[in-house]
Each structure stands twice: as structure tokens, then as C-alpha cells.
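*Asks:* Give me coordinates for this.
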Amino acid sequence: MPGRAPPTFLRLAAHPLRWQLLSELATGDLRVRELVASLEQPQNLVSYHLRLLREAELVTRGRSSFDARDSYYHLDLDRCADLLAATGAVLHPALPSDRHGSPTPPTERAPGVLFACTGNSARSPIAEALLRRRAGDSVEVSSAGSHPRKRIHPSVVRVLAEDYGVDVSGQETRHLDSTLGRHFDYVISLCDKVREVCPEFPGHPRRIHWSIPDPAPGDSAGRATEATVRRTAQDIDARIGHLLHVLHTTEKQEVHA
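*Replies:* Okay, here's the model as predicted:
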């Protein structure tokens, strides 16, 4: 149809700076100052284009739990996939593809992944359990905390068992120190606080950050946080679905920490 406007995603992504922002945030959650430094653009310009991406609901912003004056920006990859599919369909109905297809076949050596948060009682054991559930033996996955609590939160145990069929009732929490010296290909921080103190590991693994609030801050018992834990698990499971497609790639791309 002559004069038809380009689809929303195409109009947004076609701008070079917005495409760079989408590309940077596709690797993990980042702060404005990190985006400014990476793109070498003025902060007011970066903030303006981030606002446009937020208005389109492609990007969300959350306060840092490490410094409340700071914010992390997160790219909604599922919405990007939906808009990309819709963009293809506008051009030709045969173009949309199955974004949930199989990830790249694994390499000979299973990649090692470490999930880190503060207490190792909610976010990181959820991520460990859900990645192991999806990937099986094709990934070596662990989790640990900078200040581990005595046990995994009871609501986490229940949610993982009821919603995902995973039993972590016998799993003990671990300190980050117990992982030092081990080789990991990816170190993924799920906590703004632990990102600032996460140690270095041999081999310079890719560092990825997921800014996810603690679903059970200071709570070690009771069912009060179960709904929050369930939402957190859904968020982490969605991120892991996208992570699976990059875990077995052989090309080493820099991921900003």
C-alpha cells in the first residue's frame, strides 16, 4: 500500500544511536553512564533515546539496589522478538520465523556458568536450577553468594517444585570464595550489590549483569514472599531462554560488565 508507514520496531531501530543502545542492552542490564561511555555520546542524547525506547515498552528502568541514585536499563527481548516478527509479516506473511527454535548445537566442551547474588538463597539458585532444567548436561552451572544465608528460601523451594518440577530442598548455599580458581565461561550477576564485589576468575569469562530485585529481602521463612518469588522465577526463566541461544557460540564477543 503506497504511503504506508514503516512498522514501529523498524522506525525505532533504524536510528543508528537507538540501534546501538539496543545492541548494548541485548548483552545485559546497564547504567546510563556505561551506555554513555560505550557509545561515546552526550548523556542527554543517550537519555533522550532511552526515553523513546521506554515509551515503546522495549526498555524498562529499575532502581539499583546498590545505589538508589542509580538506575539499570533492561531490554525486553521477548517484545523485540514480537515486534520483529510483526515487522516481517508486514513485508511478507512468510517472513516471521520461530524464535523459540533450538539453540545452536553444543560444542564439545560444556560451557561453565556461574550465577551470583548476595545471599545465594533466591535469585542465583533459581537461575542455577532453571538453566540446569533447560540445558541438562550441556552446561555446567553453579551459583554462589557474597554473603550466603543459611539456606535457600522456603518459598523458592516451593515455587521451583510446584511450577518447574525442580527439587532444591537439599541444596546448600555457597560462598563466592568457594568458586575461586574454577573456570567459568560466563559469570552472571543477578544482584546490583554483588556486581560491585564479584571477584575475577581465570580465563576472563564473559561478565553479564541482570538487575533483579531480591524477592525475599531479610526474610528467611514464611509464605509472604511466594508471589514475588514466582514473578522473579518467571523473569529469570525468560532471560535464560534467551541465554541458551548464546551459551554455545564459539565467537568471543565482549560483554560489558
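
*Asks:* tell me the contacts of Pro111?
*Replies:* Going by CB atoms under 8 Å, 6 or more residues apart in numbering, Pro111 touches 139-140, 185-186, 247-248. (Each C-beta comes from the backbone N, C-alpha and C, glycine too.)

*Asks:* domain assignment for this protein?
*Replies:* As assigned by automatic domain parsing, the chain contains the domains 11-91, 112-247.

*Asks:* Please convert these to TSV, extending it with mean pLDDT.
*Replies:* As requested, the domains of the chain are arranged in TSV below (pLDDT from 0 to 100):
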stretch	mean pLDDT
domain 11-91	92
domain 112-247	91
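
*Asks:* Quick one: the helices in this structure, in order.
*Replies:* Counting by DSSP state H, the chain has these helices, from start to end: 8-13, 16-25, 32-39, 43-55, 77-91, 123-135, 154-164, 192-197, 226-247.

*Asks:* Return the most buried member of those helices.
*Replies:* Ranked by mean neighbour count, the helices of the chain are led by helix 123-135 with a mean of 25 (mean count of other CB atoms under 10 Å).

*Asks:* ok, residues contacting it?
*Replies:* The contact list for helix 123-135, computed with CB under 8 Å, 6+ apart, reads 113, 115-117, 139, 141-145, 152, 156, 159-160, 164-166, 168, 171, 173, 188, 190-191, 212, 214-215, 229, 232-233, 236-237, 240-241, 243-244, 247.

*Asks:* still on that earlier bit, closest one to Ser64 among the helices of the chain?
*Replies:* Across these, Ser64 has its closest neighbour in helix 192-197 (4.4 Å, CB to CB).

*Asks:* Run through who's touching that closest one.
*Replies:* Outside helix 192-197, the residues within contact range by CB under 8 Å, 6+ apart are 64-67, 70, 72, 116-118, 145-146, 176, 189, 209, 211, 257.

*Asks:* Report the two of those separated the most.
*Replies:* Using CB to CB, the contacts of helix 192-197 span at most 22.2 Å, a distance reached by Asp70 and Leu176.

*Asks:* okay, the two: which has more neighbours?
*Replies:* Taking neighbours as other CB atoms under 10 Å, Asp70 and Leu176 compare with Leu176 leading, 24 against 14.

*Asks:* Could you measure from the residue lying closest to the more buried one once chain neighbours are set aside over to Ala13?
*Replies:* Nearest non-adjacent residue to Leu176, counting by CB to CB, 6 or more residues apart in numbering: Ala144, 4.6 Å away. Separation of Ala144 from Ala13 (CB to CB, to the nearest Å) stands at 37 Å.

*Asks:* likewise Leu21?
*Replies:* Leu21 is 10 Å from Ala13, where distance means CB to CB.

*Asks:* ditto for Val59
*Replies:* 12 Å.

*Asks:* Need the overlap of contacts for the two.
*Replies:* Counting by CB under 8 Å, 6+ apart, nothing touches both Val59 and Ala13.
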